[in-house]
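Novice: Return a 3D structure for these sequence lines:
(one chain, ligands or ions: 1)
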Amino acid sequence: MRKRCEEQIERLAIGSPLDVAALCERLAEQRGRPLHLLALTSRTSNPSGLWVAAKKADYIFYDESVGEAHRAHIVLHEVGHMVFAHAGVAELDDLTARLLAPNLDPKVVRQLLCRDSYDNEHEQEAELFATLVLMRAGFEVVGTVTPEVPDPELERLREVLSA
Ligand SMILES: [Zn+2]
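Specialist: Predicted structure coming up:
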């Protein structure tokens, strides 16, 4: 697992200090599709992030209620899911998914609502990736993760997630 992480870290040319925004740009380039970072205010006691692979773009939602270092860790964790091509669980039926977020692919909604638990292998791998990236960067993080103005289509999704 550690070797897989190191390989991805090489590919992403991570140095110190770490520029999270620049890293996301490189990743988007490698994947050939845009990657958007969107702030989210969650009301859960466990602030986290979420990767959504939509049809034409990737979105990383991150909790804005935490400090900058933690924010970077959250984004890196989701980047970990992306580079290892992890996927969400499929449990929610299409109809319910459409009711919740009419403009989104039901598959996407499913990923949102059926998050993996922290004890599975994918979560461990994403966590290890995030930690190793920060270690490689000597825990020096620059480039504030700034919220983007979201696509109107995503407003509903933000509402669902913030609820
Ligand atoms: Zn995760």
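
Novice: ok, V75 touching D19?
Specialist: No: using Cβ atoms under 8 Å, V75 makes no contact with D19, being 11.6 Å away. In short, each C-beta sits where N, CA and C put it, glycine included.

Novice: Comparing the two, which shows the higher neighbour count?
Specialist: Neighbours were tallied for V75 and for D19 using other Cβ atoms under 10 Å; the higher tally belongs to V75 (23 against 19).

Novice: and that one, what element?
Specialist: Per DSSP states H and E, V75 falls inside helix 68-83.

Novice: I'd like the average pLDDT over that helix.
Specialist: Across helix 68-83, the average pLDDT comes to 89.

Novice: what's that helix packed up against?
Specialist: helix 2-11, helix 20-31, strand 49-53, strand 58-63, helix 121-136, strand 141-142 (3 or more Cβ pairs under 8 Å, 6 or more residues apart in numbering; DSSP states H and E).

Novice: list the buried ones in that helix?
Specialist: Buried residues in helix 68-83, counted by 16 or more other Cβ atoms under 10 Å: 71-83.

Novice: And G32, how far from the ion?
Specialist: Using Cβ to the ion, to the nearest Å, G32 is found at 23 Å from the ion.

Novice: Tell me how far that residue lies from A57.
Specialist: Going from G32 to A57 by Cβ to Cβ, to the nearest Å gives 11 Å.

Novice: ok, these two, which is more surrounded?
Specialist: Ranked by neighbour count (other Cβ under 10 Å), G32 and A57 place A57 first, with 14 against 6.

Novice: how about stretch 14-21 as CSV, C-alpha atoms only?
Specialist: Provided in CSV are the C-alpha atoms of stretch 14-21 (Å, rounded to 0.1, in the frame of the first residue of the first chain):
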residue,chain,number,x,y,z
ILE,A,14,5.1,16.7,-5.0
GLY,A,15,7.8,18.9,-3.4
SER,A,16,8.0,21.3,-0.5
PRO,A,17,6.3,23.5,0.2
LEU,A,18,3.1,21.9,-1.0
ASP,A,19,0.8,24.0,-3.2
VAL,A,20,-2.6,22.3,-3.0
ALA,A,21,-4.2,24.4,-5.7
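
Novice: quick one: average confidence on that stretch?
Specialist: Taken as a whole, stretch 14-21 has a mean pLDDT of 89.

Novice: Which positions in that stretch come out as buried?
Specialist: 14, 18-20.

Novice: The ion contacts on this protein?
Specialist: 123, 126 (Cβ under 5 Å from the ion).

Novice: Low-confidence stretches in the chain?
Specialist: By pLDDT under 70, the weakly predicted segments of the chain are 40-47, 55, 87-104, 106, 108-119, 143-163.

Novice: No more questions from me, cheers.
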